[in-house]
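>>> The sequence isn't on hand, but the structure is:
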Ligand SMILES: Nc1nc2c(c(=O)[nH]1)N[C@H]1C(S)=C(S)[C@@H](COP(=O)(O)OP(=O)(O)OC[C@H]3O[C@@H](n4cnc5c(N)ncnc54)[C@H](O)[C@@H]3O)O[C@H]1N2
Ligand code: MOO
């Protein structure tokens, strides 16, 4: 039996190691309908201008701005309306001085027009004359050809995780399929003699497997794929066999439980038996989550997570999600900011020096109108701190705690 953690590292050091890892191998084609959340494996270059022609952004009249200069409520101008422009066909005439053409939002402007006056600033006088009660500037109330995206420019870069608005840009450019990076394949091993299937009725002493579900959901949130799951007893041979099966199919193997130094904790031994294994960490200077193992076996990453339900989730939040995003090829410079909220702490929190504390917190708007963070303290074997909290805050390893009234950054779940 191991009598201590032998390679305790900081989260910062581990995160730095992750940034050196390459993305998973290969490329796959993805239809636009399935593209949301995927990471581009190619630059998308615009093959056309967007908008493809200059369009009106208002209902009104296409005009030459010069013809409206000086027009006001008290001193209106008058233009001759020569046509009604169809929404689905570009106008094939030229607007001459003193003329305007009726159009709706989205219609193309005729030659000779450079702006649109909104219908509410005009009055139809009959016999085709339009009273103009305001002036417009050149370009006003129009969307210029190529203003969204110019032909030949890079619309979206490789490494971008596609958000709904990105998918909209692909649609506008006529991109029906794109090359994406495969989702990192993740094998989940849940260890423990006492752990039974969710559908089972546990007999006294047994508990249902929570971690396969929470970790599976977190893997999906980070863009990974749960490729296989297995439940294994606290038995070195069984764990070794399941670990090998995971290594055979996955880019990342997550092992829940057995990562500590107890008599039933076999994860480390199962790993160190493998000739290609390098242990990066056995023990991370964080709480909860100290009994965490990070290793490589050849090209495959392995994380041994503490079995405690909250600890396993927090280690995933802090280390597992960045690792999955790195393996998934997401370029951090193109990634959206992780949502954080500055909030005023409602009470003191004590912390031991030498390890980071990750404290769950509940957010609420205080009487002053400012957002307040109340620490949700509790045992890491219970689920409720995660359920009651909106996010977590980090107390650095050198700090002895945080003071009531201090502004903290809450990372949202
Ligand atoms: N001597 C020491 N003992 C322990 C230390 C330490 O530093 N020195 N750290 C403690 C901390 S903190 C944690 S966290 C646990 C982590 O232990 P393991 O990773 O070896 O996990 P297990 O012992 O297998 O399980 C712990 C706990 O979690 C429950 N569990 C496990 N898997 C699941 C699951 N899939 N779903 C729901 N619950 C699960 C399990 O029943 C145990 O209650 O070590 C401490 N000990
Ligand atoms: O890490 Mo244990 O994860 O503190 O409960």
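Ah, there it is. Please read these numbers as outputs of a predicted model, since none were measured by experiment. Ligands and ions are numbered 1, 2, ... in the order given.

>>> For residue 193, list the residues it contacts.
The contact partners of residue 193, taken as Cβ atoms under 8 Å, 6 or more residues apart in numbering, are 233-234, 264. Using the backbone N, CA and C atoms, a C-beta is placed for each residue, glycine as well.

>>> which one of these is nearest ligand 2?
Nearest to ligand 2, judged by Cβ to the nearest ligand atom, of the contacts of residue 193 is residue 264 at 15.6 Å.

>>> Provide the secondary structure category for the closest one.
Here residue 264 takes the coil state, with states given by DSSP: H, G, I helix; E, B strand; the rest coil.

>>> Around it, how many other residues sit close by?
16 (other Cβ atoms under 10 Å).

>>> quick one, what contacts the residue nearest to residue 338 when sequence neighbours are not counted?
Residue nearest to residue 338 in three dimensions, not counting chain neighbours: residue 411, with 6.2 Å by Cβ to Cβ, 6 or more residues apart in numbering. Neighbouring residues of residue 411 by Cβ under 8 Å, 6+ apart: 317, 338-340, 391-394.

>>> List phi and psi for residue 411.
Dihedral pair for residue 411: phi -90, psi 120, per degrees, to the nearest 10.

>>> Okay, and the beta partners of it?
Judged by DSSP bridges, the bridge partners of residue 411 are residue 340, residue 392.

>>> what's in contact with stretch 324-339?
By Cβ under 8 Å, 6+ apart, the list of residues contacting stretch 324-339 reads 18-19, 21, 23-24, 39, 41, 157-161, 163, 181, 183-184, 186, 219, 222-224, 251-252, 301, 411-412.

>>> Can you measure across it, start residue to end residue?
18 Å (Cα to Cα, to the nearest Å).

>>> Span of stretch 44-61 from start to end?
36 Å.

>>> Give me every residue in the protein lying close to ligand 1.
190, 192, 194-195, 207, 209-211, 256-262, 265, 288, 290-291, 306-309, 311, 380-381 (Cβ under 6 Å from any ligand atom).

>>> Which ones among those also lie next to ligand 2?
288, 290-291, 306, 308, 311, 380.

>>> Turn the residues you listed into CSV, including distance to residue 351, secondary structure and neighbour count.
Formatted as CSV, those follow (distance: Cβ to Cβ, whole Å; DSSP: H, G, I helix; E, B strand; the rest coil; neighbours: other Cβ atoms under 10 Å):
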residue, distance to residue 351, secondary structure, neighbour count
288, 13, coil, 22
290, 14, coil, 17
291, 19, coil, 25
306, 19, coil, 26
308, 19, coil, 22
311, 16, helix, 24
380, 15, coil, 20
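
>>> coming back round to it: now for the contacts of residue 411: which two are most distant?
Spatial extent of these (Cβ to Cβ) is set by the pair 339 and 394 at 14.7 Å.

>>> Quick check on those two: which one has the bigger neighbour count.
Counted by other Cβ under 10 Å, residue 339 and residue 394 do not tie: residue 394 has more neighbours, with 18 against 10.

>>> And the contacts of stretch 196-208?
Stretch 196-208 has contacts (Cβ under 8 Å, 6+ apart) with 194-195, 209, 213, 231.

>>> how far does that stretch stretch from start to finish?
5 Å.

>>> now stretch 15-31
Note: stretch 15-31 ends 32 Å apart using Cα to Cα.

>>> What residues sit buried inside that stretch?
17-18, 23-24, 30 (16 or more other Cβ atoms under 10 Å).

>>> Quickly list what the closest residue to residue 175 other than its chain neighbours is bridged to.
Once flanking residues are discounted, residue 175 sits nearest to residue 44: 6.2 Å by Cβ to Cβ, 6+ apart. As for beta bridges, residue 44 partners with residue 156 under DSSP bridges.

>>> hey, where'd the strands end up in the stretch 251-400 of the chain?
With DSSP state E, counting those that start in this stretch as the criterion, the stretch 251-400 of the chain has strands at 252-256, 277-282, 286-287, 293-297, 300-305, 340-345, 349-350, 356-365, 371-375, 391-395.

>>> Which pLDDT value belongs to the residue in the chain that ligand 2 sits nearest to?
The nearest approach of the chain to ligand 2 comes at residue 311, 2.8 Å away (Cβ to the nearest ligand atom). pLDDT for residue 311: 97.

>>> Same question for residue 241.
98.

>>> Quick check: phi and psi on it?
The phi/psi pair for residue 241 (degrees, to the nearest 10) is phi -60, psi -50.

>>> what's around it, how many residues?
Neighbour count for residue 241, taken as other Cβ under 10 Å: 14.

>>> where's it relative to residue 159, distance?
Using Cβ to Cβ, to the nearest Å, one obtains 37 Å as the distance from residue 241 to residue 159.

>>> swap in residue 336?
13 Å.

>>> For these two, work out which one has more neighbours and name it.
Neighbours were counted for residue 336 and for residue 159 using other Cβ under 10 Å; residue 159 has more, 20 against 9.

>>> Any regions of the stretch 1-150 of the chain where pLDDT drops low?
The stretch 1-150 of the chain contains residues with pLDDT under 70 at 1-3.

>>> Closest approach to ligand 1 from it, which residue is it?
residue 5 (7.0 Å).

>>> residues touching residue 288, list them.
306, 308, 310-311, 314-315, 358, 380.

>>> neighbours of residue 205, just the number please.
Applying other Cβ under 10 Å, we find 7 other residues in the vicinity of residue 205.

>>> Local confidence estimate at it?
98.

>>> give me phi/psi at it?
phi 100, psi -20.

>>> same question, residue 249
Torsion angles, degrees, to the nearest 10, at residue 249: phi -120, psi -10.

>>> Check whether it really touches residue 186, as I assumed.
No - counting by Cβ atoms under 8 Å, residue 249 does not reach residue 186; the two are 9.6 Å apart.

>>> what sits in contact with each of these two?
residue 227.

>>> ok, the two, which is more surrounded?
Set residue 249 next to residue 186 and count neighbours by other Cβ under 10 Å: residue 186 wins out with 29 against 13.

>>> and residue 235, how many neighbours?
15.

>>> Isn't it up against residue 264?
No - in this structure, residue 235 is not within contact of residue 264 by Cβ under 8 Å, at 9.0 Å.
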